[in-house]
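In: dropping a prediction and its sequence here:
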Amino acid sequence: MVRPFEIREFNGFDPDAVKILHQAYTEACIALHVFAGDRLGKEAVAMRVIDLARTGVIEAAALRDRVLLEARVGL
């Protein structure tokens, strides 16, 4: 069994990047009031954070802010 901290790579991201993506995801979910029971909301936020990170943005605040901006303008 692989423990989360033993994962060497996730979706092409190294462990440090995964931590940054997780931070951005968590902060965006809190700001958007997307909580545990909202599976679709959580998936949408997670996918958008990952998609943005694939473009080269690997900074938690920038990822979070972009997700929040897009949510506000309905992109």
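Out: Great, that's in hand.

In: drop to CA atoms for contacts and neighbour counts, all remaining ones
Out: OK.

In: quick one: low-confidence parts of the protein?
Out: 1-11, 74-75 (pLDDT under 70).

In: repeat that with 90
Out: Per-residue confidence for the chain (pLDDT under 90) gives these ranges: 1-15, 35-36, 72-75.

In: so which residues of the chain form helices?
Out: When assigned using DSSP state H, the helices of the chain occupy the ranges 15-31, 39-54, 60-73.

In: I'd like to know which elements the longest one is packed against.
Out: Put plainly, it is helix 15-31. Here helix 15-31 touches helix 39-54, helix 60-73, going by 3 or more C-alpha pairs under 8 Å, 6 or more residues apart in numbering; DSSP states H and E.

In: report the angle between that helix and helix 39-54.
Out: Per axes from the mean of the first three to the mean of the last three C-alpha atoms, to 10 degrees, the angle that helix 15-31 makes with helix 39-54 is 140 degrees.

In: about what we covered before: export the helices and strands packed on helix 15-31 to JSON lines and tack on mean neighbour count and distance to Y25?
Out: Putting those into JSON lines (neighbours: other C-alpha atoms under 10 Å; distance: least, C-alpha to C-alpha, whole Å) gives the following:
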{"stretch": "helix 39-54", "mean neighbour count": "16", "distance to Y25": "6"}
{"stretch": "helix 60-73", "mean neighbour count": "16", "distance to Y25": "7"}
